[in-house]
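Asker: need the 3D shape of this:
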Amino acid sequence: MSLELLHEPCASSAYPPLLFIHGAYHSAWCWKIHFMPYFARHNFNSYALSLSGHGASSSSKKIFWLSISDYVHDVYNIIQQLPTPPILIGHSMGGFVIQRYLELFGAKNPVPAVILAAPIPHNGSFNIGWRVFKRYPWRILKAAFTRNFRQLLATPQITQSLIYSSHLANNKLQTYHNKLEEESRRMMLDTCFLQLPNVQVINNLSTSLMLITGANDALITPSDLKPSANAYNTKLHIVEDLAHNLMLDTHWQVAADHMLYWLKQQFPMP
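Answerer: Predicted structure coming up:
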């Protein structure tokens with residue numbers, strides 16, 4: 001099994017490297033467009049991983065049966081290959097994967113900091129899934145019966161309604177929509193109730209944690225994440241005029257600026 005790892009080097013850096021983890025239906029490409037070049041310009045070596053079965057990453061299992069544990073081990077394996085422990089930045093499902101990584105490996109294989117960007121919350125995705133089901137019931141049922149979960153985001157219009165701002169340019173929306181991939185149904189069960197992270201274990205770590213989301217996120221709303229902010233004793237950074245896919249949305253740089261400011265607070269240079 002091989003894992004796709006994109007790299008955006010910087011000229012020189014005293015900062016820890018960044019390792020970006022994508023969300024469902026995506027792969028490493030989603031970080032390559034804006035975030036990786038942005039952080040490289042600000043002296044962060046940037047890497048982005050495609051989880052098993054996504055992008056150019058292979059898998060011994062069919063995509064339907066890949067679990068959150070499989071994805072967590074992908075992250076673990078890549079971290080072992082990097083020269084120093086990275087700062088983990090995860091979006092949506094990727095943020096959930098990071099929470100589970102911290103629980104399972106954060107003590108023995110610590111990372112210096114994590115940023116959870118519009119993550120699936122610590123208490124699971126049931127309420128999120130139920131809200132989407134009420135909005136698009138036939139799409140959900142069709143996806144379940146056909147075992148084609150790409151049907152959940154079947155058209156650019158549905159994709160935009162759930163994860164992008166209404167003012168995202170049509171050509172960008174079409175391009176990003178065409179890149180969406182199939183996703184694991186086992187993962188959906190894991191994030192719903194099978195593999196919820198142990199908050200107490202995570203809070204016992206020394207790892208700094210940032211939680212950030214968009215004010216206009218229609219998929220995982222700021223209200224969905226307030227319990228996670230309370231659970232992790234951290235602030236929820238809410239970026240105005242930004243939807244769920246904050247790394248690709250129109251005002252992506254506002255989110256990146258917030259992250260950069262927080263990172264430089266955690267790792268001040270002399």
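
Asker: A strand includes Y47, no?
Answerer: Yes - Y47: assigned to a strand according to DSSP: H, G, I helix; E, B strand; the rest coil.

Asker: for L196, see how far away it is.
Answerer: With distances taken as Cβ to Cβ, to the nearest Å, Y47 is found 27 Å from L196. Yep, even glycine has a C-beta here, placed from its N, CA and C like the rest.

Asker: one more: M247?
Answerer: Going from M247 to L196 by Cβ to Cβ gives 25 Å.

Asker: between these two, which one's more packed in?
Answerer: Comparing M247 with L196 by other Cβ atoms under 10 Å, the one with more neighbours is M247, at 26 against 20.

Asker: wait, what's in contact with the more buried one?
Answerer: M247 is in contact with C30, W31, I33, H34, F35, H91, A117, A255, A256, counting by Cβ atoms under 8 Å, 6 or more residues apart in numbering.

Asker: tell me the SS of the closest residue in space to the fifth one that isn't next to it in sequence?
Answerer: What that stands for is F35. Leaving out its chain neighbours, the residue that sits closest to F35 by Cβ to Cβ, 6 or more residues apart in numbering is M247, at 5.1 Å. Three-state assignment for M247 (three-state DSSP): coil.

Asker: check contacts around the most centrally placed residue in the chain.
Answerer: Computing the C-alpha centroid of the chain and ranking residues by Cα atoms, centre = their mean puts H91 first, at 1.7 Å. H91 is in contact with F20, I21, H22, G23, H26, C30, A117, A118, P119, N245, L246, M247, counting by Cβ under 8 Å, 6+ apart.

Asker: now it: phi and psi?
Answerer: For H91, the backbone dihedrals (degrees, to the nearest 10) come out as phi -110, psi 130.

Asker: repeat for S184
Answerer: The phi/psi pair for S184 (degrees, to the nearest 10) reads phi -80, psi 130.

Asker: that one: how many residues sit nearby?
Answerer: As a burial measure, S184 scores 27 neighbours (other Cβ under 10 Å).

Asker: what sits closest to it if chain neighbours are left out?
Answerer: Using Cβ to Cβ, 6+ apart, the closest residue to S184 is L66 (4.3 Å).

Asker: what's the PyMOL syntax to select whichever of the contacts of M247 are buried?
Answerer: Only the buried entries of the contacts of M247 go into this PyMOL selection, using 16 or more other Cβ atoms under 10 Å:
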select buried, resi 30+31+34+35+91+117+255+256
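
Asker: quick one: the strands in the stretch 151-270 of the chain?
Answerer: 208-214, 236-239 (DSSP state E, counting those that start in this stretch).

Asker: ranking those strands by burial, who's on top?
Answerer: Among the strands of the stretch 151-270 of the chain, ranked by average contacts under mean count of other Cβ atoms under 10 Å, first place goes to strand 208-214 (a mean of 23).

Asker: what's it packed up against?
Answerer: Other elements packing on strand 208-214 under the criterion 3 or more Cβ pairs under 8 Å, 6 or more residues apart in numbering; DSSP states H and E are strand 113-117, helix 222-231, strand 236-239, helix 252-266.

Asker: is it true that the residue nearest to S184 touches S57?
Answerer: No - with contact defined as Cβ atoms under 8 Å, L66 does not count as touching S57 (10.4 Å).

Asker: got the contact list for D249?
Answerer: Counting by Cβ under 8 Å, 6+ apart, the residues that D249 touches are Y164, S165, L168, G214, L242, A243.

Asker: quick one: it from A243, how far?
Answerer: Taking Cβ to Cβ, one finds D249 at 5 Å from A243.

Asker: overlap of the contact sets of the two?
Answerer: Jointly contacting D249 and A243 under the rule Cβ under 8 Å, 6+ apart are Y164, S165, L168, G214.

Asker: show me where the stretch 1-150 of the chain has helices.
Answerer: Ranges of helices in the stretch 1-150 of the chain, per DSSP state H, counting those that start in this stretch, are 29-32, 35-41, 68-81, 93-105, 126-135, 137-146.

Asker: and the second one, what's buried?
Answerer: Counting neighbours by 16+ other Cβ under 10 Å, one finds that the buried residues in helix 35-41 are F35, M36, Y38, F39, A40.

Asker: and the longest one, by the same measure?
Answerer: Of all the residues in helix 68-81, those buried under the rule 16+ other Cβ under 10 Å are I68, S69, D70, Y71, V72, H73, D74, V75, I78, I79.
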